[in-house]
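Engineer: Next comes the sequence, and after it the predicted model I'd like to discuss.
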Amino acid sequence: MSGATVVRPVTPPADADPVRQVQREWLVTNGIGGYASGTVSGLVTRRYHGWLVAALPNPTGRAVMLTHLSEQLRLPDGPRVELAAEETETGRLQLHGDRYLTDFSLVDGLPRWRYDIDGTVLEKRVVLPHRHNTVHVTYRLVAGDGDVLFELRPSMHFRHYEAAVNSELARYSLLAIDDRYEIVGDPFFPPLRMRLHARDTAFTHRPKTISHVVHRAEQSRGYDARGPLWSPGYFQIQLQPGEEATLVASTESWEVIDGHPPDEVETAEQARRARLVRNAPAPLCNDLPELVFAADQFIVEPVGREAAAGDEVRSVIAGYHWFTDWGRDTMISLEGLCLLTGRHREAGSILRMFAHHVRDGLIPNLFPDGDSHGLYHTADATLWFFHAIARYQHHTGDRETLRLLLPVLDEIVARHVAGTRFGIGADPADGLLRAGAPGLQLTWMDAKVDDWVVTPRRGKPVEINALWYQALCLLDEWAAKEGFTVNVDLTSLRETVRESFNRRFWYEPGSYLFDVVDSEDGGDDATLRPNQVLAVSLPRAVLHPDRWSPVVDAAARHLLTPLGLRTLAPGHPDYKARYDGDIRARDSAYHQGTVWPWLLGPFIDAWLKTYPQRREEARAMVRGLHEHLGEAGIGSLSEIFDAEEPFTARGCIAQAWSVAELIRATASVADAERTGSNPAVVD
């Protein structure tokens, strides 16, 4: 399989609902945080869509530089045919080329369109040179009766990718020298440089402002949805059957642009992707090679990020389009994205980079776009850091990195015992970890609207303490292995935590675990949530084995869906079946029923540990996510889904831990089937 092309065909049916057609999206990334993305139909529906969203140096961050391409084909003695979809000011869809679109596919993870206009066949491909803010859009006339005239009009609105679409247009100017074109606008952004590689081309300078482009996804999410675009003119290309034309758009220098001609860029990217599949372990590259490409989208060399002297800078984008790199998401995703795809060196770089940014015993919750300094308001990311290191050790045996990190890990535990920021600290009475500060959301259930923290969970959350126990076990084991002296009596503390956890968290009336004990109102929260699954699923499980089955059964009955776990059991007064509407409506549902695919990974681990003979049921649990690879963000997995059928995809179209946990869960089921045993409690 390693030498074969990986193709995912997604052919739109001729009678498909037009609204559904524009909901399918594609994504190509450049390895530094930039990307190109849009709908299959060509309609711009999000503020984040663009043929080039560049990852620029701090403090600029990611910027939409080339938003839209109008593509018109004129056949010999025939009418003009518009290929890209449009939306009128009244909201009516004009799909144009969708009736001619006979095939949309991902070829080695890269999008390819094929249009057939009465026997004239045009193919379009997109590639971003790795680690460059450049896009190549290639058109090839596959078949036809003679020459065709192709017109290509680029449109743009330079802005930060989070900026409202109705922000004011700058005064743009065009500089043309021979076949090189530069668009200059707001001095905060670099020029956009464009060049068309083709045999017979011309450019017509005819500036045009499109005043009211409708972004229907932004409209549905309660944001400003109408905004302007500006175009400098259009290219004309005369194409013969078999010929290609490539538009190159970039924020790089002309020297860099000219040093990467289109044929070499595409060949190099194809070779890079072939290496990714070839280097992945056999089960993955043979059975699920497209997940290798999906994982690759999230692993980046972030622009402007500092690492330890002499080390590489690597991180994980939590999701596209709007997330940056988050500590929690990175540590949960590390095994699936890097270790199970054969990218061990990058995994080590990621761990060392986050260790370099530890402050007061915490790794960053996230790095804001355009800023090299992290934000630290999280109680669980640092504990997931221990888990990620353990998985890294399991797969690589890299003791040098472990020895390098041990002093940092010792400091982390010591700071948690003494107490650190945001009320995070061990309770001397029972050893359990408490966390919470007014106005802050410190667990992964972190929705907040203005001053309203939707799920504050202040007190002693269940998954935080399952992770805390595991972190204590791991540091104790590593210190003994490496002869390292720690500053805390780990053996005594972890036994105290284990005893306290099993005594305090068991909710007898429901035969499952409290979600939070010693909550901010002084009581214990018996809300049925998926967080308790981690007390079973983690390799160093804090929960007594005789209580595993009731916890797993409760989650299976009330939370399990074909696409992940609900975040709240139906029937609770706060339960929300749908995630839609404006920001307040969405965030009120974000962790109040909404399904999260990443939770399926821990649940399957817990299931296989509890019911090792019921492996076929575990395999069936991942089937829905495999099928979802052809929907929403094609070739990737969405962030979340509605809590009820039809389980509509929501949130980001490509989410790191969704992809990572599908890879990992699939591997766990395959390992269990191959070995005939349940996952080990410890490595």
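Structural biologist: Great, that's in hand. Numbers count the residues shown, from 1 in each chain.

Engineer: okay, CA-based contacts and neighbour counts for the rest of this
Structural biologist: Will do.

Engineer: Helices along the stretch 251-400 of the chain, start to end?
Structural biologist: In the stretch 251-400 of the chain, helices defined by DSSP state H, counting those that start in this stretch lie at 254-258, 262-279, 282-287, 289-296, 327-337, 344-356, 381-396, 399-418, listed in chain order.

Engineer: worst average pLDDT in those?
Structural biologist: Comparing mean pLDDT across the helices of the stretch 251-400 of the chain, the weakest is helix 282-287, with a mean of 82.

Engineer: So which bits of that helix are buried?
Structural biologist: Of all the residues in helix 282-287, those buried under the rule 16 or more other C-alpha atoms under 10 Å are 284-285.

Engineer: With respect to burial, which of the helices of the stretch 251-400 of the chain scores highest?
Structural biologist: helix 327-337 (a mean of 27; mean count of other C-alpha atoms under 10 Å).

Engineer: so where is the chain shaky, pLDDT-wise?
Structural biologist: Along the chain, segments meeting pLDDT under 70 span 1-4, 11-21, 86-98, 676-683.

Engineer: Quickly find the element holding the residue at the greatest distance from the centre of it.
Structural biologist: For the chain, the largest distance from the centre (C-alpha atoms, centre = their mean) belongs to D77, which lies 46.7 Å off. Per DSSP states H and E, D77 falls between elements, in no helix or strand.

Engineer: cool, and G42?
Structural biologist: Here G42 is assigned to no helix or strand, by DSSP H and E.

Engineer: so it touches L101, yeah?
Structural biologist: No - contact criterion C-alpha atoms under 8 Å: G42 and L101 do not qualify, at 11.2 Å.

Engineer: Assumed A606 was part of a helix.
Structural biologist: Yes - judged by DSSP: H, G, I helix; E, B strand; the rest coil, A606 forms part of a helix.

Engineer: Next one: the closest residue to G42 other than its chain neighbours relative to I257, how far apart?
Structural biologist: Using C-alpha to C-alpha, 6 or more residues apart in numbering and skipping residues adjacent in sequence, the residue nearest G42 is A84, 4.6 Å away. Distance, A84 to I257, using C-alpha to C-alpha, to the nearest Å: 26 Å.

Engineer: swap in S41?
Structural biologist: 28 Å.

Engineer: next one: P364
Structural biologist: For P364, the distance to I257 equals 35 Å [C-alpha to C-alpha].

Engineer: Residues in contact with the stretch of helix or strand P207 belongs to: which ones?
Structural biologist: P207 belongs to strand 201-214 when assigned by DSSP H and E. Strand 201-214 is contacted from outside by 44-45, 87-89, 91, 225-238, using C-alpha atoms under 8 Å, 6 or more residues apart in numbering.

Engineer: How about stretch 547-554?
Structural biologist: So stretch 547-554 is contacted by 511-513, 532-533, 536, 603, 606-607, 610 (C-alpha under 8 Å, 6+ apart).

Engineer: likewise stretch 556-574?
Structural biologist: Against stretch 556-574 from outside (C-alpha under 8 Å, 6+ apart): 527-530, 555, 575, 591-600, 621-625, 641, 643, 647.

Engineer: Fine by me, thanks again.
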